[in-house]
Structures are given as C-alpha cells and as structure tokens.
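>>> Quick one: sequence plus predicted model below, questions after.
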Amino acid sequence: MIKGMSGKQSAPRVTASGGARPAERPAGRLVEQLGGRRAFVAVLWLVSAILLAPGVSRAESFFQQLPDLPLMAGLTEVPEAGLLFDKPEGRIAEALARGVVGAGPDPAEVLAFYRRSLPQLGWRESAAPATFWRENEQLVLDIQQAEDRLLLRILLSPR
C-alpha cells in the first residue's frame, strides 16, 4: 500500500505494462507530458512574439479586394471603389481607403506603416516613390490629403 498526501493508504495503480505506480492527478500528468515550465515559457514566448510583432500587428484588418495587404489602423476601406482582375499575367487590382486628418494617420505615417509592413509580406521597395514589387507584381501607394480627408489608393499590376 502507498501512503497519499492525506495520510491514508491507497492501492497502487497498475499500468498497461504491468508495473505499479501511485495514483496521479490528471493535471500532474499534463504538466509532465508538456515539459512543465519549458512548455509554459514556449507558449508565452510565442504569444508575445505574435502580439508584439511590428508593422502588421498594428493592422486592424486586411483589404477585401487584396486580402494579402494590411489595412492600417485609422483607415477605412471603401469596398465599392475596389476592383480586381485575375489574369494569367498577374492580378490587376485597385483598393481605396480613407481616413480623417487629425483623427487618423497623416500621409507620412501611412507611408511609414506600409514601408514597415510590406517587407514582412515579401514586398520590396522600388526606387520609384511609394512603389513596391513582389515576384511578378508591382504595388503603388497613392496617398493624397485634401482638406480634412486622407485617401490611400493602392494599385496592383503585373510587373
């Protein structure tokens, strides 16, 4: 007989291999299986890395017409202004987002956001202003400010 924490004796548990071992708590087995602290630290690190990643993590969502491009926080997509043609040569697309100056990002912040975010998604900045390329596609950011409105027009075309 084995003496438990309560001081009472209990019968040993017999395993499939025929050996005897004391009764265990299910949580204790889980911690043992996961490696205890190492598993906890690994999960904590992974969650932190996802939440603290620069650039893309600040995106509230992605464009409907271009689901692989982030929509910067503070901008609102205008889905009815977008278009998408998928051709053998590549995609041709246009997406539009708007914001309110003073209540949202300014043009410099928008460009800085996409300069940080797009390389994480495989885009490389071109020598041309606000232009990026990836594989056989070119992406142009047209950022305009008129009075109290900010407009971001994204043009995607084969390269």
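Good, I have the coordinates.
>>> which phi and psi does the spatially closest residue to Q65 that is not a sequence neighbour have?
Using C-beta to C-beta, 6 or more residues apart in numbering and skipping the chain neighbours, the partner closest in space to Q65 is G82 (3.7 Å). (Glycine included, C-beta is placed from N, CA and C.) Phi and psi for G82, reported as degrees, to the nearest 10, are phi -90, psi 160.
>>> wait, isn't G82 in contact with L71?
No - taking C-beta atoms under 8 Å as the definition, G82 is not a contact partner of L71, at 11.5 Å.
>>> Find residues that contact each of the two.
F63 (C-beta atoms under 8 Å, 6 or more residues apart in numbering).
>>> Number of residues surrounding R159?
12 (other C-beta atoms under 10 Å).
>>> now Q64
Around Q64 there are 12 residues (other C-beta under 10 Å).
>>> three-state assignment of it?
Judged by DSSP: H, G, I helix; E, B strand; the rest coil, the three-state class of Q64 is coil.
>>> check contacts around it.
Here Q64 is in contact with 77, 79, 82, 95 (criterion: C-beta under 8 Å, 6+ apart).
>>> Next: G104.
74-75, 150.
>>> and with 6 Å instead?
G74 (C-beta atoms under 6 Å, 6 or more residues apart in numbering).
>>> next one: I92
85, 157.
>>> tell me the average confidence for the helix or strand hosting it?
Using DSSP states H and E, I92 sits within strand 90-100. Across strand 90-100, the average pLDDT comes to 95.
>>> which is the next helix or strand following that strand?
Following strand 90-100 in sequence, per DSSP H and E, is helix 107-120.
>>> Name the residues of that following helix that come out as buried.
107, 110-111, 113-114, 117-118 (16 or more other C-beta atoms under 10 Å).
>>> out of those, who's nearest K87?
L118 (22.3 Å; C-beta to C-beta).
>>> what phi and what psi does the backbone show at the nearest residue to L96 once chain neighbours are set aside?
Closest residue to L96 apart from its sequence neighbours, by C-beta to C-beta, 6+ apart: A81 at 4.0 Å. The phi/psi pair for A81 (degrees, to the nearest 10) reads phi -90, psi -10.
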